[in-house]
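In: any chance you can model this:
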Amino acid sequence: MKINFPITLTAADSRKRTISGTIVTWGERGNTSAGATVFEKGSIDFSKPVKLLLEHDRTRPIGKLMDITADDAGIEATFKIAGTIAGDDSLLEAAEGLRDGFSVGVMVDDWKNKDGVMSIKAAKLIEVSLVTDPAIDSARVADVAATETPTENSEATAEDKTTQEEKVSDITSEAPIATEAVEAAQSEPVAVSATQPVAYTKPRSPITNKATYLEHSVRAALGNDESRMYVRAADDTTSNNAGLIPTRQLTEIINPLSNANRPAIDSITTGVLPDAGMTFEIPKITAVPAVAEVAEEGAIGETGMTSSFLTVNVKKYAGGQEFTVELLDRSSPVFFDVLVAEMEKAYAYATNNAVLNALIAGGTDGGNRTMSNVNFQDFISDAAVSIYGNTLGFAQNLIASTGQWGAIMNLVDGNNLPLYTNVINPQNRGGGVTPGSIGGNVLGLNFRVDRGLGSGVGDDTLIVVNPESYQWFESPRYRLETALNQTTGKITVAYYGYGAIATKVGAGAYLWKVA
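Out: Model (predicted):
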């Protein structure tokens, strides 16, 4: 369990670019990310060096641990602050009491609950942060030293012996910003002692080409203040810094080749595939009992019901993708999400085409017809009669190729008005088919456009379907399986599932073939 325990700074001294103070007080209650918490004496292992962060943000380190000791009261630590803009800002913020809190991040190994308070018995120190709002007042920064270079002699110099007023006067003449830090220290519990002002110089920009520009753009987007400054400096004009303006790649993917629509499967009934076996059987009645008129005292004839089993074969539908481990490691995280989505679309296309093939193979050939308003209405009426006569079920759905979709939209009535387009008086029309919809209603049938028709499956075919005559059984999609080739460093990803199409009653589909 990782928790953050905020503690307040105590004093400040701008001298050696260090920040020191109590980071933990034993036995004192504070509010952590895990609630009310108390550290028992000696409960923190600080054997490994840690960094000083800003507000627990691991992307914003500002210093590293120089010295740490523990006594009966708590743990004292000193951090060396980096010579960065963020480091300079942190020193000044600590001195002025703006960001004057310490907060320790620890990994808790052992604890117990005492009246609703977490009492930590053993933990490892993993980081310390400079924070704005601490929770415990007894542990604060004791010293802030902000000079670029430490003094050569540790003993007090003549300048060190000057009065605070003299220091303020000297600093004011050189850098007003340092004066403000001293004045803030005098009016607040935070005290500042400085022999030199905090120096601000123009940093040398690490942005030298497109790669470093892109790197710092990403860091800036993640909240890194230094990178944000470097990017602003590089973003002058495209003419002045043309070499530093990278070509952005958006996360939006353009895909005009596939989608996850399955019109044919949506036009029949569906079910869950049995959990085992590559075949399964569905009982089917082959002869029904007969009832006939019988004379008084006449013998009743025996007419037995018979049945058989319809065998359904289970098929595996699978696809794979091979790519290098470098592509996985170094590409955008969006890559893997897009790969899975595209494999799902390919799976949908393959399984939908399997159902189309079954409908065409088992359907009744209604003949090749010339598209016209009269011929189309004749086709629908013929299909309704054929399907009901062979299945005792009703035609409910109409599946069309994209070419036939366009032909249907061109149909007009005797007044030369579009027959299947939504108009002012839709009650006078035979249905609704528009360029903006691949579904609608035509002569009482649910209309769906299937791009699989005319693309190797059928040829601009129209299919009228009784959905009860066909059923698609399907397993869940199985998780991706990956295998790393140790020799080539390539990863193979497989996406697969199982499905079966059952033709329950023959002639449950009626076809308009244009082949």
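
In: element containing the residue of the chain most remote from its centre?
Out: What lies farthest from the middle of the chain is E297; by Cα atoms, centre = their mean that is 78.9 Å. E297 is part of no helix or strand when elements are defined by DSSP states H and E.

In: hmm, L98 and V131 touching each other?
Out: No: using Cβ atoms under 8 Å as the test, V131 is too far from L98 to be in contact (11.1 Å). (Each C-beta comes from the backbone N, C-alpha and C, glycine too.)

In: for the two, work out which one has more neighbours and name it.
Out: Taking neighbours as other Cβ atoms under 10 Å, V131 and L98 compare with V131 leading, 21 against 14.

In: list the contacts of that one.
Out: P6, E55, H56, R99, G101, F102, S103 (Cβ atoms under 8 Å, 6 or more residues apart in numbering).

In: contacting residues for the residue lying closest to the fourth one once chain neighbours are set aside?
Out: Among residues not flanking R99 along the chain, E93 sits closest, at 3.9 Å (Cβ to Cβ, 6 or more residues apart in numbering). With contact taken as Cβ under 8 Å, 6+ apart, E93 is in contact with R99, D100, L130.

In: am I right that E93 falls within a helix?
Out: Yes: assessed by DSSP: H, G, I helix; E, B strand; the rest coil, E93 belongs to a helix.

In: phi and psi next, for the residue nearest to E474 when sequence neighbours are not counted.
Out: Among residues not flanking E474 along the chain, G499 sits closest, at 4.6 Å (Cβ to Cβ, 6+ apart). For G499, the backbone dihedrals (degrees, to the nearest 10) come out as phi -150, psi 160.

In: could you report the neighbour count for G499?
Out: Neighbours of G499 using other Cβ under 10 Å come to 20.

In: go on, the one 5 residues further on?
Out: Burial measure for K504: 19 neighbouring residues, criterion other Cβ under 10 Å.

In: which residues touch it?
Out: The contact partners of K504, taken as Cβ under 8 Å, 6+ apart, are I282, K284, L310, E468, S469, Y470, Q471.

In: and those, which is closest to V374?
Out: Nearest to V374 among the contacts of K504 is S469, at 27.6 Å by Cβ to Cβ.

In: can you tell me which residues contact that closest one?
Out: Counting by Cβ under 8 Å, 6+ apart, S469 has contacts I268, I387, T391, G393, T503, K504, V505, G506, A507, G508, A509.

In: got those residues as CSV, with distance to D89 and secondary structure columns?
Out: Below are those laid out as CSV (distance: Cβ to Cβ, whole Å; DSSP: H, G, I helix; E, B strand; the rest coil):
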residue, distance to D89, secondary structure
I268, 67, coil
I387, 78, helix
T391, 79, helix
G393, 77, coil
T503, 74, strand
K504, 75, coil
V505, 78, coil
G506, 80, coil
A507, 81, coil
G508, 75, coil
A509, 74, strand
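
In: any idea which of those has the most stuff around it?
Out: A509 (30 neighbours).

In: this structure: helices as residue ranges?
Out: 85-95, 164-174, 176-187, 210-221, 225-234, 263-266, 325-330, 334-362, 373-391, 402-409 (DSSP state H).

In: out of these, the one nearest K121 is which?
Out: Using Cβ to Cβ, the nearest of the helices of the chain to K121 is helix 85-95, at 31.4 Å.

In: tilt between that closest one and helix 225-234?
Out: 130 degrees (axes from the mean of the first three to the mean of the last three Cα atoms, to 10 degrees).

In: now do the domain split for the protein, please.
Out: Residue ranges for the domains of the chain, per automatic domain parsing: 2-145, 210-244, 280-289+304-512.

In: worst average pLDDT in the ones you listed?
Out: For these, the weakest mean pLDDT is recorded on domain 210-244, namely a mean of 67.

In: hmm, back to that, top of the contacts of K504 by number of neighbours, please.
Out: Highest neighbour count within those: Y470, with 25 neighbours (other Cβ under 10 Å).

In: okay, and the beta partners of that one?
Out: T503 (DSSP bridges).

In: and it, what does it touch?
Out: Counted by Cβ under 8 Å, 6+ apart, Y470 has contacts I268, T269, V355, A358, L359, G362, I501, A502, T503, K504, G508, A509.

In: ok, the fourth one - contacts?
Out: Neighbouring residues of A358 by Cβ under 8 Å, 6+ apart: Y470, I501, T503.

In: I'd like those residues as a markdown table, with distance to T212 appended.
Out: A markdown table is the format used below for these (distance: Cβ to Cβ, whole Å):
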| residue | distance to T212 |
| --- | --- |
| Y470 | 60 |
| I501 | 57 |
| T503 | 63 |
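
In: so which of the residues you listed is the closest to A290?
Out: T503 (26.2 Å).

In: measure the closest one to A509 for me?
Out: The gap separating T503 from A509 is 9 Å, by Cβ to Cβ, to the nearest Å.

In: identify the contacts common to the two.
Out: G362, S469, Y470.

In: ok, and the closest non-adjacent residue to the second one?
Out: Pointing back at S469 there. In space, S469 is closest to G508, 2.3 Å off (Cβ to Cβ, 6+ apart).

In: the one you found contacts T391, correct?
Out: Yes: contact criterion Cβ under 8 Å: G508 and T391 qualify, at 5.0 Å.

In: what touches both of these two?
Out: Common neighbours of G508 and T391 (Cβ under 8 Å, 6+ apart) are N466, E468, S469.

In: just to check, T84 is in contact with E226?
Out: Yes: using Cβ under 8 Å, T84 is in contact with E226, at 5.9 Å.

In: quick one, phi psi at the closest residue to F280 other than its chain neighbours?
Out: Sequence neighbours aside, P274 is the residue nearest to F280 in space, at 4.8 Å (criterion: Cβ to Cβ, 6+ apart). Dihedral pair for P274: phi -50, psi 150, per degrees, to the nearest 10.

In: P274 and V314, how far apart?
Out: 8 Å.

In: what touches both of the two?
Out: F280, F473.

In: nearest residue to F323 other than its sequence neighbours?
Out: According to Cβ to Cβ, 6+ apart, the nearest residue to F323 is I491 (6.0 Å).

In: looking at it, the one you found is touching E322, isn't it?
Out: Yes: counting by Cβ under 8 Å, I491 does reach E322; the two are 7.1 Å apart.

In: and those two? Which one has more around it.
Out: Taking other Cβ under 10 Å, I491 and E322 do not tie; I491 has more neighbours (16 against 11).

In: just to revisit the earlier point, and the contacts of Y470 as TSV, adding distance to I120?
Out: Shown next, in TSV, are the contacts of Y470 (distance: Cβ to Cβ, whole Å):
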residue	distance to I120
I268	63
T269	61
V355	62
A358	66
L359	68
G362	71
I501	62
A502	63
T503	68
K504	67
G508	71
A509	71
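
In: list just the nearest of those to W111.
Out: Distances from W111 to these, taken by Cβ to Cβ, are shortest for T269, at 57.5 Å.
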